[in-house]
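Student: Fold the following for me, if possible:
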Amino acid sequence: MLKKERQAYILHQVNLHNKVLSSHLSEQMGVSEDTIRRDLAALAQEGKILKVHGGGLSNSFHQGVVAQDVYAIEEKRIIAQKAVELIHDGMFVLTTGGTTILQLARILPAELRATFITVSLPAAFEYANHPNIEVIVIGDKLAKNSKITVGGEAIARIRDIRADLCFVGVNAIDVHAGLTDNDWEVVQVKKAMVSTSRKVVALCISEKVNTAEHLKVCNVEDIDILITELQPKSKKLQPYSSKGIRIL
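Tutor: Next comes the predicted model:
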């Protein structure tokens, strides 16, 4: 790959999965980690990503990021519009973090009366702006990269909750590999959320469908509803429908 091709690929992977590791990119692209580190540094210097130890992060993790800087923002808005229809008065709703969750938080109807429980600080701030929503923030160690709370205490508290709905932001989903991610601590939190909730709703732009990361969250059969920006009868989504998942 030429330098521009490498950096375009890296930027796409960062935007798609929010976080990349130098070691994984090196394997995927067949180049040295030193080359990857130089490419990450160049992209960070141009303001296109955030460089962190061992890899890079999407700019969407940066506090104060505006909508036009969010990857696939229109697709995420469509997903949020579909998701909000599932929420009703009196519900207890558990959510992970991520830019799709933030879009959902911003369009909740003003008259909605529900309780939102989250490990995500950005999501908690959005919920707190709502006039009639009760907000519960699950505390523990803060993962600075993803701005969610992680750790044993957070997981224990999640397991004490029996939420009506759990909205999970998806990093990657595949009908065989299941729901996967690339952050060990985030995966443990998502596992706990999936295991304790009455209904699990996966929010996923279609570009992440049929992709897989290294760490497993759950099987696709553990998901009740899959929401993408596509039409429910899209051919790409039929394998998931055949597993008994409701497609929106």
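
Student: hey, let's count contacts and neighbours off CA atoms from now on
Tutor: Fine.

Student: Look up how far Ser195 lies from Ile79.
Tutor: Distance check for Ile79 against Ser195: by Cα to Cα, to the nearest Å, it reads 23 Å.

Student: Same drill for the two, tell me which one is more crowded.
Tutor: Neighbour count, other Cα atoms under 10 Å: between Ile79 and Ser195, Ile79 has more, with 24 against 16.

Student: Can you list the low-confidence ranges for the chain?
Tutor: Per-residue confidence for the chain (pLDDT under 70) gives these ranges: 61-69.

Student: Identify the single longest helix in it, thanks.
Tutor: In the chain, assigned by DSSP state H, the helix with the most residues is helix 3-17.

Student: outside of that one, which residues touch it?
Tutor: Helix 3-17 is contacted by residues 19-20, 25, 29, 39-40, 43, 48-49, 56-58, 71, 171-172, 207-208 when judged by Cα atoms under 8 Å, 6 or more residues apart in numbering.

Student: Now do the next helix or strand after it: everything it contacts.
Tutor: Sequence order places strand 19-21 as the next helix or strand after helix 3-17, per DSSP states H and E. Contacts to strand 19-21, defined as Cα under 8 Å, 6+ apart, come from residues 13-14, 54-58, 182.

Student: Just the buried residues of those residues.
Tutor: Neighbour-count burial (16 or more other Cα atoms under 10 Å) applied to those gives 13-14, 55-58, 182.

Student: List the buried residues of the longest helix of the chain.
Tutor: Neighbour-count burial for helix 3-17 flags 6-7, 10-11, 13-17 (criterion: 16+ other Cα under 10 Å).

Student: Then stretch 203-210?
Tutor: For stretch 203-210, by 16+ other Cα under 10 Å, it's 203-206, 208-210.
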